[in-house]
Structures are given as C-alpha cells and as structure tokens.
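>>> sequence unknown, structure follows:
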Ligand code: FES
Ligand SMILES: [Fe+2]
C-alpha cells in the first residue's frame, strides 16, 4: 500500500452499538465505539485462540471475545481474562497493537504509516460539511483498487457505457490535467462535435484513493476505492448537492441520484469491468491518450510513492 496516508474504511453511520468486522488493506479489523462514542479499531483475530472479535460484544466500551470472554480496550490492552480470575497478571502477549483511526467527514479513516508522519485527514473542502445535503452507498468489487481509482478519473467512457442514461457527446474538449502535491485536478467538456457547448466535467483525486466528480455546478460525487486486499476494493460513493436548500429536495436529490447510480449507472460499469484483470495496474502496459492525462498522472505519482525506501509490501 502507499504508506503514510489516510484510507477511508467505513461510513460513520454504519458504526453503531455493535462491533463491525472489516477487511481493509489486507488486514482483518474489528471496529467499534467506546463509551465516549469514539471509534476504536483492533486486529479482528483474538490473540488468545484466534476467534473473530467482530462476532463478540462490547462491555463497558471494551471489545469482548465470544470464545472465552477475554476483554480488550481500544488501545489494545487486554483487561480481563475470566478463566484466570481478576487477581491474575495478564500475559504481555495478550495485548494488541491498535490501529490508528479517526472519524472525519462522515467516514472512519485508517492511518497506514508511521505515527510520526501523520497528517490531517484530507478531503475535498469545496463540497462543504453539510451531510444533510448528501446520500451515500458502498459495496465491494473484485478488482485491485488502483483500477478502480483509474475508473474514477475516466469520464470519456460515459457516452459509450452510460449513453442510455447520460446522453453526452464523445469528443473531449478544453481538457486539462495537473498534479499538485497529492491532488490531481482534471477538467474538460464532452461535446458532440468539439465546437458546440457540451457537458462540462471535473474529475479530481487525492492520494491514495479518494475521488471527486463534478458533472454539474455544485453537484458532486465523492468516491473512495479503498483496498480490501490484492484483488478487491471497497467502493464508497456519496452524492452532494449544493444547489437547493429546500428541506425536502435537499435530501431527495442526492438520495435519488444514489438510487439511479446503483440501479442504472453502476451496473453498466460492472458489466464492463468483467473483462478486467483483477490485479493492480502496475504490471500492465496500456496505451493512454490525451484524455487519459489524469490517469497518467495517477500512475506516475503512484510509482513515485510506491518506490519510497523501506517499502517492502507495496501494492
Ligand atoms: S479466542 Fe478469544 S478469548 Fe479465547
Ligand atoms: Fe462509469
């Protein structure tokens, strides 16, 4: 994985009173809320005899293993071994290393890297923080996340794959792409003939896996293609609209957009993805064209970040 970056791993609203088991970045985790409501995450495999902690329960804000009742705090400390009695000393090997997680922008994020290098959680500030104007969904797809990040930067497939739902021209005009630090900016227009007015678009991304698509002014889709493992991605997307403040429409527009995406638009992509290799884009030689400049920038920056020293398990 690209190190020293924040990865979104779960919608905040899905983290309630029960522990949630997840596989992200090749690791199995259990995530839950402690008594203060703060999100906590530990490896899901119990260090005693390997039961899945995500099938346990929460007692006093601590995760309790369903197999023999051992209990763990969010910082990984094992606090209770029922079979040994309250007075017994807890063996060091039962303490776990916690994951560094944070909640921001309605998502739970995992820091993958050294604590000393930690940075603020990145986001697309232009969409604002009013989640009342948004709606979201997520699912897992059987492809490496790098392929899915690239699909989020690819707008010129729209007339071919989604033409029945989004009838736009095939010609990309006024296209530009640039990289600034960890963010790629692309914008352009899909027109019928390259001259008359078409549909303006923006497709940006922030490393390692966050994307932003703007297809109409103040109408955004924020997406994440988070690695699950080497051949699967957690695909999350959230529609935001900043066009109306009429209470009923404020929520209805993004909700209806998510429904349309899930029922009509994304299945068109899924059918197409069936021809994809499941692995990463790193070992393939595809021939990109000018309208793919955002993808080319992604590959270049990705190579750079993965070739940093001390990176044995890059993927
Ligand atoms: S396996 Fe978890 S307490 Fe025994
Ligand atoms: Fe698509």
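Done, it's in. The structure displayed is predicted, hence computed values, not measured ones. Ligands and ions are numbered 1, 2, ... in the order given.
>>> tell me the contacts of residue 204?
124, 183, 184, 185, 186, 211, 212 (C-beta atoms under 8 Å, 6 or more residues apart in numbering). C-betas here are computed from N, CA, C, even on glycine.
>>> now do 7 Å
183, 184, 185, 186, 211, 212 (C-beta atoms under 7 Å, 6 or more residues apart in numbering).
>>> swap in residue 294?
153, 177, 184, 186, 203.
>>> Could you tell me which of the residues you listed belong to strands?
177, 184, 186, 203 (DSSP state E).
>>> how much space between the second one and residue 31?
Going back to what we said before, that points to residue 184. Remark: distance between residue 184 and residue 31 (C-beta to C-beta, to the nearest Å) = 29 Å.
>>> May I see the buried residues of the helix or strand where residue 296 lies?
Assigned by DSSP states H and E, residue 296 belongs to helix 293-306. Within helix 293-306, the residues that count as buried by 16 or more other C-beta atoms under 10 Å are 293, 294, 295, 296, 297, 298, 299, 301, 302, 305, 306.
>>> between these, which is closest to ligand 1?
Nearest to ligand 1, judged by C-beta to the nearest ligand atom, of the buried residues of helix 293-306 is residue 306 at 35.8 Å.
>>> Show me what residue 64 is bridged to.
Assessed by DSSP bridges, residue 64 has beta-bridge partners residue 57, residue 71.
>>> Isn't it up against residue 55?
No - using C-beta atoms under 7 Å, residue 64 makes no contact with residue 55, being 10.6 Å away.
>>> Neighbour count: the two, which is higher?
residue 64 (20 against 14; other C-beta atoms under 10 Å).
>>> what pLDDT, on average, does stretch 215-233 get?
Taken as a whole, stretch 215-233 has an average pLDDT of 92.
>>> So for that stretch, what gets flagged as buried?
Applying 16+ other C-beta under 10 Å to stretch 215-233 flags 215, 219-229, 231-233 as buried.
>>> Need phi/psi at the residue located most distally from the centre of the chain.
Residue farthest from the centre of the chain, counting by C-alpha atoms, centre = their mean, is residue 87 at 43.5 Å. Backbone geometry at residue 87, expressed as degrees, to the nearest 10, gives phi -80, psi -10.
>>> mind listing what the residue in the stretch 101-250 of the chain that ligand 1 sits nearest to touches?
In the stretch 101-250 of the chain, no residue comes nearer to ligand 1 than residue 101, which is 21.6 Å away by C-beta to the nearest ligand atom. Residues near residue 101 by C-beta under 7 Å, 6+ apart: 39, 41, 108, 109, 110.
>>> Now do residue 135: how many residues are near it, please.
21.
>>> Check whether it really touches residue 253, as I assumed.
No - counting by C-beta under 7 Å, residue 253 is not a contact partner of residue 135; they are 8.5 Å apart.
>>> picking up where we left off before, okay if I get the contacts of residue 204 as TSV plus distance to ligand 1, pLDDT and neighbour count?
Listed next are the contacts of residue 204 as TSV, based on distance: C-beta to the nearest ligand atom, whole Å; pLDDT from 0 to 100; neighbours: other C-beta atoms under 10 Å:
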residue	distance to ligand 1	pLDDT	neighbour count
183	43	97	16
184	44	98	26
185	48	98	16
186	48	98	25
211	39	98	24
212	42	97	22
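>>> neighbours around residue 160, how many?
Around residue 160 there are 10 residues (other C-beta under 10 Å).
>>> So which bits of the protein are right by ligand 1?
Counting by C-beta under 6 Å from any ligand atom, the positions of the chain adjacent to ligand 1 are 46, 48, 49, 50, 51, 65, 67, 68, 70.
>>> Quick one: mean pLDDT over whatever helix or strand residue 136 lives in.
For residue 136, the host element (DSSP H and E) is strand 134-141. Across strand 134-141, the average pLDDT comes to 96.
>>> I'd like to know which elements that strand is packed against.
Packing partners of strand 134-141 (3 or more C-beta pairs under 7 Å, 6 or more residues apart in numbering; DSSP states H and E): strand 232-241, helix 247-260.
>>> So what's the gap between the first one and the chain middle?
Between the centre of strand 232-241 and the centre of its chain there are 7 Å (C-alpha atoms, centre = their mean, to the nearest Å).
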